[in-house]
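**Q** sequence-free structure coming up:
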């Protein structure tokens, strides 16, 4: 079941990403020569119309190959329908569609998750004595609305803020009986826990109406996107070490551990846990693909935006060299994180 869930989650997230490219390519009259799930040799493939549909050996990744893109050309097709022959804005929409579809998928999953189990509002459930929150007069039921003038929508934003803030003093704005108050709090280091605490416990998840579900689903996806960016920032500042990076092998392992723990509580908990993980993975894929790195969607968007500003294309051979270097670096990174994953497992 670990493998089944892993393959299911990976497949759905990747297929939706590539489907975004595929649908926008078709919408703009671009010929798609191959739509594939997985990487490596073909296991199953068939051709319908102008497009070959494939399932490949390695169940990670996928592709939507378009005529005229990355050297895909053939006399069997009308080259006026190639990727390169379309307007720069049409090409931008095709490239951006993959990550955008991942964010849409994360939002749809969030609606199901929050619809079933509710949302984690930033409401104080319990205040621990002799800690900054109790000393500042915070009471159970108070709603945290801001931390250092940064808006707070869900409780996990408080947790993430504490991870990054450490023991620095902060301004906390809370709401009680419709009135807002702001206090200054200095987190206290807890020897047993090994990190700084404000001294509170979150309340129970809240089930709202349909509008609440939609609104908090947006907050949920926003939080995961923010989480990915914050994690990248922590990597560059040294708060997260490079050997803590994880790839497909590590993700499968985490999915397996999550399945084992949640299966003890029943099928419903398993499904909700997998939905939560899918939101993370889909938002993560969307963000990572938008990074302005060669060979990624974000890197290709950089060239297209430059083209839109200049009014003329960058020579394909120069762009090709940049993307090739990017692919080599990405492959090296994949090998590095795979070694990390295997080392951690064993």
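**A** Received the coordinates, thanks. Nothing here was measured: the structure is a model prediction, and the numbers come from that model.

**Q** from here on, contacts and neighbour counts on C-alpha atoms
**A** Will do.

**Q** all helices for this protein, in order.
**A** Counting by DSSP state H, the chain has these helices, from start to end: 2-27, 88-117, 132-135, 155-165, 210-237, 248-263, 267-290, 297-310, 316-345.

**Q** Return the distance of the first one from the chain's centre.
**A** Which is helix 2-27. Chain-centre distance of helix 2-27: 14 Å, with Cα atoms, centre = their mean, to the nearest Å.

**Q** any chance of the helices of the chain in JSON lines, with distance to residue 143 too?
**A** Formatted as JSON lines, these follow (distance: least, Cα to Cα, whole Å):
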{"stretch": "helix 2-27", "distance to residue 143": "34"}
{"stretch": "helix 88-117", "distance to residue 143": "19"}
{"stretch": "helix 132-135", "distance to residue 143": "13"}
{"stretch": "helix 155-165", "distance to residue 143": "10"}
{"stretch": "helix 210-237", "distance to residue 143": "15"}
{"stretch": "helix 248-263", "distance to residue 143": "29"}
{"stretch": "helix 267-290", "distance to residue 143": "24"}
{"stretch": "helix 297-310", "distance to residue 143": "38"}
{"stretch": "helix 316-345", "distance to residue 143": "39"}
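
**Q** Dump those into JSON lines; add mean neighbour count, distance to residue 34 and mean pLDDT as well.
**A** Listed next are those as JSON lines, based on neighbours: other Cα atoms under 10 Å; distance: least, Cα to Cα, whole Å; pLDDT from 0 to 100:
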{"stretch": "helix 2-27", "mean neighbour count": "19", "distance to residue 34": "10", "mean pLDDT": "89"}
{"stretch": "helix 88-117", "mean neighbour count": "21", "distance to residue 34": "15", "mean pLDDT": "95"}
{"stretch": "helix 132-135", "mean neighbour count": "19", "distance to residue 34": "58", "mean pLDDT": "89"}
{"stretch": "helix 155-165", "mean neighbour count": "16", "distance to residue 34": "41", "mean pLDDT": "83"}
{"stretch": "helix 210-237", "mean neighbour count": "17", "distance to residue 34": "30", "mean pLDDT": "88"}
{"stretch": "helix 248-263", "mean neighbour count": "17", "distance to residue 34": "24", "mean pLDDT": "80"}
{"stretch": "helix 267-290", "mean neighbour count": "20", "distance to residue 34": "20", "mean pLDDT": "91"}
{"stretch": "helix 297-310", "mean neighbour count": "17", "distance to residue 34": "18", "mean pLDDT": "92"}
{"stretch": "helix 316-345", "mean neighbour count": "15", "distance to residue 34": "20", "mean pLDDT": "81"}
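
**Q** right, so of those, which gets closest to residue 194?
**A** Ranking the helices of the chain by proximity to residue 194 (Cα to Cα) places helix 155-165 first, at 11.7 Å.
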